[in-house]
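quick one, fold the following:
(chains A and B)
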Amino acid sequence: MDSYQETIFKLKRYWSERGCIIQEPYDMEVGAGTMCPETFLRVLGPKPYRVAYIQPSRRPADGRYGENPNRLYKHQQLQVILKPSPDDVMDQYLGSLEAMGIDLSKHDIKFEEDNWESPTLGAWGIGWQVMLDGLEITQFTYFQQCGGVDLDLVPAELTYGMERLVAFLQNRESVYDIEWAPGFTYRDVRYADELENSVYNFELADVPTLWQLLDLHEKEAQRLLDLFAGAENKQRFPLLSAYDHVLKCSNLFNLLDARGAISVTERVGVIARVRKLAVGVAQNWISREAA
Amino acid sequence: MAAIRRRLPFLLEIGAEEIPAWMISPALEQLRALFEELLGANRLGGEVTSVEATPRRLVLMAKGIAARQADTEDLVMGPPAAAGENAAAGFARKMGVEPGQLERIPTPKGEYLGARKKIPGRLASEILAAELPGLVLKLNWPKTMYWTGKSGPRFIRPIRWIVALLGKDVVPFEIAGVASGNVTRGHRQLGKPRIRVTTGNYVEKLRAHGVIVSAAERRRKIESEIHVRLRPDAELLETLVNLTEYPTPIVGSFDEQYLSLPPEVLVTVMRHHQKYFSVEREDGSLAPQFVAVMNTSADPEGLVRQGNERVLRARFNDARFFWDFDQQVKLADRVELLAHVTFQAQLGSYKDKTERVAALVREWGGSEHAIRAASLAKCDLTCEMVKEFTELQGVVGGLYARAQGEPEEVAAAIYDHYKPESMEDGIPRTREGQLVSLADKVDTLRGCFRLGLIPSGSRDPFALRRAAQGVVKILVEGGHSIPVSQLAGGDPALKDFLLDRVAYYFREIRGFRYDEVNAVMAAGCEDLVDVERRLAAIHDIRPTGDFEPLAASFKRIANILKQAGFSGGGRVDEALLEAGPEATLYRHFQEVRAAVSSSPDCRSALAAIASLRPSVDLFFDKVLVNAPDEALRRNRLAMLSSLLTEFSAIADFSEIVTG
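Alright, predicted model coming up:
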C-alpha cells in the first residue's frame, strides 16, 4: 500500500514522463486548481503547454470542523493540463490510474457525462466525471471557453481528487485515517487546519473587514487593468499581479458566502464583479500573447 | 439492361469518446432517418437493417444498397429545327453526337432539335464518401463541443475512429482528421484496441472483444442476471444499458443500521447518485442491498462490490450527518434564512416567495395548517440534505416537519407540494398540500409572466408549462373551484396559457374528444370542476341517438339567427304561436326548461335537452322560420334564440362535430 505522498509522487512521475512540467502549488488561496494562473491563463492563447501540480483548494462552505469523514474545507487536487489535448488522452488518463497501482482489469471504470462551468471565471467545458467502482475519482474536461474567450487550442483538464482517491486505494472509511507518510496520518497533518479554519470561516471572520478587503482587492485589480490599456511596454506589465488580486476577491467572496453574509441581490452582483475582473485579465493576457 | 445490379451490405461505425447515455436513443433515430434520406435522394435503394450504439460507438447497418446508381438520360434542347443544317451540325458537334442522332421535339413554339445525353450512374461508394461526413456532423445533439480548434467540426464528444464499409471496400472519407477504415476498437478493458472487421462479422468480432453492440441484448443480459427483488426502475435500466458496452450486475449490501434513515433518502442516494437499483423485501420494504451494473464481465475478487459498498456507506454517512446537522435549526427558524436564497433575480428571494404563497393560500380559504405549511414549505432549501440531494426538496421538508413535531397535515402538505412533477405523477394527497402546491405554482407563473418570461417553442427554462399543467391537474382532480381568471391575476396572457393547458389536459390526458372540449369550454371555463362535470355529461350522452342530431339542429339554429342578424332575445309572444309543430316545440321547450332547472346533474339535464330533438326536427320540417309576416318571423327567432341561450350553459353544441 502506497502512502498518500507516494501516490502523489507516482502521478507526478507519470505525467512528467508524458512531457508535463511539474509545478508546485500556487501560493495563494484558490477554490480549485483551475483558478491557478497555470491553468486559467496558460490555456489561453496559441502556445502549447503541459503541466501537472497539486493544488490545495479552499471551499470555506464545505468545512466541517474536521468532523465529517469525507468533507473538507481544504482538499488537494492534482491538476493536469494537456494543451492541446492529445488524441489518445483517454488512454493516457487510464494509464495514470494503472501507474497508481490500480489494476483496471479488476475494476469498473465509467465515464459519466459531467460538464463543468465556472461563472466567476467565464469558463466552461465538456466532459465527464470518471467513476471507479462507483466512486468519482476525476473530473475530465475539454475546455471550450475561459475568461469569456473561445479556446482554439482545446486543452484537456484532468482533476484528481487526491483524498478520496487515496482513501479508496488505502481502503479507509475516513480521509483522516489515510496514511500520509509512514507513521503519519492525514489527521496528523491537516486536522488543525480543518478545525481552526472552520471556526474562523463560520464563527469569527469579521464580515465588515472581509467586505473591506474585497473592495480593496477589487480596486487594486481594476486599477491595474485600467493602467494596462495605456501601458507602453505591455510585456512587463504586471497582469499576473492583477490576477492575484482577482483570486483574493474570489476567496473573500467564498468566505463571505460561508459566513452567510451575502444576500440575494449582492450574490449575483459580487459574482459579476469578480467575473468582470477575471475576464478583463484574460482578455488582456490574450491580446499580449497575440502581439 | 445493366448486366449485374450488385446489391451490397453497408456498415457505418462512428467511434467516439463516451457519449452521454441519455442522448443516445434520439441520435440513433436521427442517424437512421438521415441515412434513409440519403439512400432515397441518391436512388441507391437498400434498407437500414439496424441502428445501435454503445457509449463509444454509433452504428448503422444496411443491406441491398446498389453498388452504382442506374444510368439516366437527359434531353438537351438545341436550335429550332428550321434553323438550318449548319446550326444542327454545330449543336450535334457540341453534344458529341452525329447530326442524324438528333431528335425533333415538338414544343408550343414549334419543332426544336434535341440530343439525348446519357448520364452514367455514380458509384455508391463515391456518393457515400461525399455525403457521410456531412450526415454525421448534421446529427443534432443537445450540447456539442469542438476539439480540433474553434473552427473545427462540432460533435457530442471527440470522434476517434470511423468504420465505413460498403461490401468489402472501405468507403473513404475523413471527419475531423480521422480517416474511415475497417478497424474498430474493443472494450477498453476486455478487448483489443485494433480489430479488423467486415460487414458480416462486425457484431461477432466485437462480442469477442467485450462489446455487446445490441442495446436490447445488453438489457436482457442485465435483467437475466439479477436474482433479487428490485424496485422496478425502467429509466435507470435504460441509462445503464446506454452507459455500458458489457454490462454485468452485481449485488452489494449495506449495514441494516442505515435503514433507520428515511427510505426516500436511501433510494435517492442509490438511484440518483450511484445509479444503483434498490432491493426490496417480500413486504415491499427496502432490503439492505443494492444492485450495481458494472461495465465489465466479472468481479472475481469482489473488489468492485467492496468499492461500491464503501462509496455507498460514505454517502449514507453523509446523509445521516446532514440529517443530524439539519435538526439543529428547526424549519420554523429557517424562514429568515430564505432571504439569502434567490428565487429569481427580479422576483426576489424565497422568503419573498414564501410570503406571497402564504397570502394566496389564505386568500383561497386555506386552513391554518395549510397556511403554516405554505410558510415552511421552502425552508428545506437552506438544509444541508437538500443542498446535497436537490431532488429531495419538499420531501425532506416534510420529513423534517414531522420529526420536529409539526402537525401531520402540515408535514404532508410540505412533503407533497412539488407534486405533480409530471402528468403521470399524482397530485398532493391532502387539501392543504393541494393549496400550497397550487399557490407555489401560480406565484411562479404570475411572476414570470409579469416579467415577460413566457415560454415559446421548446424554450421553457422555468418549466412554466409543467407548472401550469400541475395547476390544472390539481384544480380538476382535487375538486377546487377557484376561477381561472382569478388564478391568472388579471393577466390575459396567463389566462390564455392556462386555458391552453386545460384543453390539453382534457384532450390528451383525459381522452375527451377535441370538439367536446371546445364545446364545453366555449360555454364557460372559469370553474374547472364544473368543466369536468359538463364534459363527462356530454361524453356520456353523446352515444345516445338523439344527441348528435340535436347538436346539428343547434348549429342550424345558430346559423339561422346569425343569418337573420338576430341578436337579443325579446319575449316570445305565445299568442302568435301557430298551433301544431311550433306550439308543440314551445310547450316542449318549457317542459324541458323546467326539467333542466330541476335536474340533479348535468347528465339528466342533457338527457332532457336531447329529448327535444323530435320537436325541433318537426319544427324545422314543417315551419318556415322566415315567415313573410314580420311579427311571426321575429317571434320565431325569439323562441329559437331563447332556446339556444337557455340550453347552451352546459356546452356550445354548435362546436360539436357531427357525422
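
for chain A, what's the nearest residue on the stretch 251-400 of chain B?
B:G307 (2.8 Å; C-beta to the nearest C-beta). Placement of C-beta: from N, CA and C, glycine included.

so that residue versus B:Q257, what's the distance?
21 Å (C-beta to C-beta, to the nearest Å).

hang on, the earlier thing: surely the residue of the stretch 251-400 of chain B closest to chain A meets A:L135?
Yes: under the criterion of C-beta atoms under 8 Å, B:G307 makes contact with A:L135 at 6.3 Å.

intersection of neighbour lists for these two?
Counting by C-beta atoms under 8 Å, 6 or more residues apart in numbering or on different chains, the common neighbours of B:G307 and A:L135 are A:F168.

where does pLDDT dip in chain A?
Within chain A, the ranges that satisfy pLDDT under 70 run A:263-265.

ranges for the strands of it?
In chain A, strands defined by DSSP state E lie at A:21-23, A:49-58, A:74-83, A:109-113, A:116-118, A:123-132, A:135-146, A:149-150, A:156-161, A:179-181, A:184-185, listed in chain order.

and the closest residue to the residue of the stretch 251-400 of chain B closest to chain A other than its chain neighbours, what are its phi and psi?
The shortest distance from B:G307 to any non-neighbouring residue, by C-beta to C-beta, 6 or more residues apart in numbering or on different chains, is to A:D133 (2.8 Å). Phi and psi for A:D133, reported as degrees, to the nearest 10, are phi 50, psi 40.

now for A:D133: which residues touch it?
A:H107, A:D108, A:F168, B:L303, B:V304, B:Q306, B:G307, B:N308, B:V311.

these two touch, right, the third one and A:T138?
This points to A:F168. No: using C-beta under 8 Å, A:F168 makes no contact with A:T138, being 11.7 Å away.

compare those two (neighbour count), which wins?
Using other C-beta atoms under 10 Å in any protein chain shown as the criterion, A:F168 and A:T138 rank with A:T138 on top: 23 against 19.

any idea how far that one is from chain B?
A:T138 sits 13 Å away from chain B, going by C-beta to the nearest C-beta, to the nearest Å.

show me what the residue lying closest to B:P20 once chain neighbours are set aside is bridged to.
Once flanking residues are discounted, B:P20 sits nearest to A:E113: 3.6 Å by C-beta to C-beta, 6+ apart. Beta-bridge partners recorded for A:E113 (DSSP bridges): A:W128.

my guess is A:E113 meets B:I24, correct?
No: at 11.0 Å, A:E113 does not count as touching B:I24 under the criterion of C-beta under 8 Å.

how far away from the center of its chain is stretch B:262-275?
26 Å (C-alpha atoms, centre = their mean, to the nearest Å).

same check, this time on stretch B:339-350
30 Å.

from one end of that stretch to the other, what's the distance?
End-to-end distance of stretch B:339-350 (C-alpha to C-alpha, to the nearest Å): 6 Å.

tell me who's in contact with A:L165.
A:T7, A:M100, A:I137, A:T138.

circling back to that earlier point, more crowded one of A:E113 and B:I24?
B:I24 (22 against 19).

quick one: is the helix or strand where the more buried one lies near chain A?
According to DSSP states H and E, B:I24 maps onto helix B:24-41. No: counting by C-beta under 8 Å from any C-beta of the partner chain, chain A has no neighbours in helix B:24-41; the shortest distance is 11.0 Å.

now do that helix: distance to the chain's middle.
Centroid separation between helix B:24-41 and its chain, computed with C-alpha atoms, centre = their mean, is 21 Å.

I'd guess B:M423 is in a strand, am I close?
No: counting by DSSP: H, G, I helix; E, B strand; the rest coil, B:M423 falls outside a strand, being coil.

need the contact list for it.
Residues near B:M423 by C-beta under 8 Å, 6+ apart: B:Q469, B:K473, B:I509.

tell me the contacts of the nearest residue to A:G66 once chain neighbours are set aside?
If the residues on either side of it in the chain are set aside, A:G66 comes closest to A:E194, at 3.9 Å by C-beta to C-beta, 6+ apart. Shown in contact with A:E194 (C-beta under 8 Å, 6+ apart): A:G63, A:R64, A:Y65, A:G66, A:L72, A:Y73, A:K74.

distance check, A:E194 against A:R164.
On the measure of C-beta to C-beta, A:E194 and A:R164 end up 15 Å apart.

got it, and B:A627?
For B:A627 relative to A:R164 (C-beta to C-beta), the value is 93 Å.

likewise B:A215?
32 Å.

my read: B:H340 touches B:S349, true?
Yes: using C-beta under 8 Å, B:H340 makes contact with B:S349 at a distance of 6.9 Å.

you'd agree B:R104 is in a strand?
Yes: under three-state DSSP, B:R104 sits within a strand.

need the contact list for it.
Contacts for B:R104 (C-beta under 8 Å, 6+ apart) come out as B:A81, B:E111, B:Y112, B:L113, B:G114.

drop anything exposed from the residues you listed.
The neighbour-count test (16 or more other C-beta atoms under 10 Å in any protein chain shown) applied to the contacts of B:R104 identifies B:A81, B:Y112, B:L113, B:G114 as buried.

any idea which element B:E217 lies in?
Element membership of B:E217 [criterion: DSSP H and E] is helix B:215-224.

what does the stretch 51-200 of chain A have sitting close to chain B?
A:64, A:68-71, A:85, A:87, A:90, A:94, A:104-113, A:115, A:126, A:128, A:132-135, A:142, A:144, A:150-154, A:168, A:171, A:173.

filter those down to the buried ones.
Here, 16+ other C-beta under 10 Å leaves A:64, A:68-71, A:85, A:90, A:94, A:106-113, A:126, A:128, A:132-135, A:142, A:144, A:151, A:153-154, A:168 buried among those.

low-confidence stretches in chain B?
B:1-4, B:568-569, B:659.

how many neighbours does the residue nearest to A:D177 when sequence neighbours are not counted have?
Once flanking residues are discounted, A:D177 sits nearest to A:T185: 6.0 Å by C-beta to C-beta, 6+ apart. As a burial measure, A:T185 scores 19 neighbours (other C-beta under 10 Å).

what's across from A:T185 in the sheet?
Beta bridges link A:T185 to A:E179 when assigned by DSSP bridges.

so who does the residue nearest to A:N70 when sequence neighbours are not counted touch?
What sits nearest to A:N70 in space, not counting adjacent residues and going by C-beta to C-beta, 6+ apart, is B:A314, at 5.2 Å. Applying C-beta under 8 Å, 6+ apart, we find B:A314 in contact with A:P69, A:N70, A:E173.

and B:A314, helix, strand or coil?
helix.

and for residue 135, nearest residue in space, chain neighbours not counted?
Since no chain was named, I'll use chain A. B:V311 (4.7 Å).

my bad, the chain I had in mind was chain B
B:L34 is the one closest to B:L135 (C-beta to C-beta, 6+ apart), at 5.1 Å.
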